[in-house]
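K.L.:
Sharing a sequence plus its predicted fold:
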Amino acid sequence: MHNSVLFYAPFALVVEWGRNPGSGKNILTWQAWLMDDSNEDPRLPHRRDPNVSVSLDQLAELGVLYWKLNPTIYENDEELTNIREARGYNYIDMLDLCPEKVENYEEKLKNFYTEHIHQDEEIRYCLEGSGYFDVRGKDDRWIRILIKAGDLIILPAGIYHRFTLDPSNYVKLMRLFKGEPVWTAYNRPQEENPARKEYIKVLKEKIGVPLEAH
Ligand SMILES: CSCCC(=O)C(=O)O
Ligand SMILES: [Fe+2]
């Protein structure tokens with residue numbers, strides 16, 4: 001799948017949105033960086049000093065895909081429809097991440113921030129608010145990805161990741177899935193998990209180096 005044309009499609013779409021005259025948005029809204037090693041509040045940015053940015057290309061190498069869409073038209077968005085059709089995402093629901101709307105809010109947040117994998121892709125489209133997805137890079141260091149309204153992100157099955165709110169303390173996410181949704185998280189270590197093995201195999205083929213723990 002990752003070697004197919006689809007794999008490159010996000011860039012075309014990103015450029016398209018960036019060209020949209022009068023949209024007031026540009027394609028440089030992408031923000032990802034290597035995390036520092038401090039144990040301070042996870043909701044802080046945790047940039048290194050000096051900052052080390054991570055590009056869309058570097059993320060794509062890890063199988064992480066990104067689109068910039070217009071969140072104000074999500075109910076009737078042709079681009080979103082195209083992505084859903086191309087990738088078979090026939091299921092959607094909404095996750096409004098605030099204490100009033102989510103049962104066991106604190107526990108859920110804690111679980112989201114516990115390093116884990118899934119056996120399927122994790123697909124999230126941010127409609128309001130913001131937060132951070134952290135993914136492990138090829139050297140096993142944390143890469144922090146800022147997600148805000150209009151950002152659609154796909155994490156491949158088997159990638160170690162976690163999620164936290166940022167100081168805004170609020171995010172509204174659309175969750176997408178292929179078929180009947182399965183949200184099961186498998187906490188690290190998962191080296192024998194078939195999804196992890198497959199992910200490592202694809203990564204080795206693509207970038208030629210094994211992932212190494214620090
Ligand atoms: C808040 S959505 C992202 C959290 C996550 O990794 C998950 O739901 O599995
Ligand atoms: Fe997850």
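P.N.:
Perfect, I can see it now. Ligands and ions are numbered 1, 2, ... in the order given.
K.L.:
Can you check my assumption that V202 lies in a helix?
P.N.:
Yes - secondary structure of V202 (DSSP: H, G, I helix; E, B strand; the rest coil): part of a helix.
K.L.:
Run a quick neighbour tally on it.
P.N.:
17 (other C-beta atoms under 10 Å). Placement of C-beta: from N, CA and C, glycine included.
K.L.:
Does M94 touch L176 like I think?
P.N.:
No - M94 is not in contact with L176 according to C-beta atoms under 8 Å; the separation is 10.8 Å.
K.L.:
Which residue of these two possesses the greater neighbour count?
P.N.:
Taking neighbours as other C-beta under 10 Å, M94 and L176 compare with L176 leading, 23 against 11.
K.L.:
Was I right to think M35 contacts I145?
P.N.:
No - M35 is not in contact with I145 according to C-beta under 8 Å; the separation is 10.5 Å.
K.L.:
tell me, what's touching these two both at once?
P.N.:
Counting by C-beta atoms under 8 Å, 6 or more residues apart in numbering, the common neighbours of M35 and I145 are D134.
K.L.:
okay, those two: which has more neighbours?
P.N.:
I145 (22 against 18).
K.L.:
OK, contacts around that one?
P.N.:
Counting by C-beta under 8 Å, 6+ apart, I145 touches 31-32, 54, 59, 64, 132-135, 153.
K.L.:
so where's the longest strand in this protein?
P.N.:
strand 122-136 (DSSP state E).
K.L.:
Buried residues of that strand, list them for me.
P.N.:
Going by neighbour count (16 or more other C-beta atoms under 10 Å), the buried part of strand 122-136 is 122-127, 129-136.
K.L.:
quick one: which of the contacts of I145 is nearest to ligand 1?
P.N.:
F133 (6.8 Å; C-beta to the nearest ligand atom).
K.L.:
who's in contact with that closest one?
P.N.:
Residues counted as contacts of F133 (C-beta under 8 Å, 6+ apart) are 124, 144-145, 147, 153, 155, 161-163.
K.L.:
Can you add secondary structure and give those back as JSON lines?
P.N.:
Output for those, formatted as JSON lines (three-state DSSP):
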{"residue": "R124", "secondary structure": "strand"}
{"residue": "R144", "secondary structure": "strand"}
{"residue": "I145", "secondary structure": "strand"}
{"residue": "I147", "secondary structure": "strand"}
{"residue": "I153", "secondary structure": "strand"}
{"residue": "L155", "secondary structure": "strand"}
{"residue": "H161", "secondary structure": "strand"}
{"residue": "R162", "secondary structure": "strand"}
{"residue": "F163", "secondary structure": "strand"}
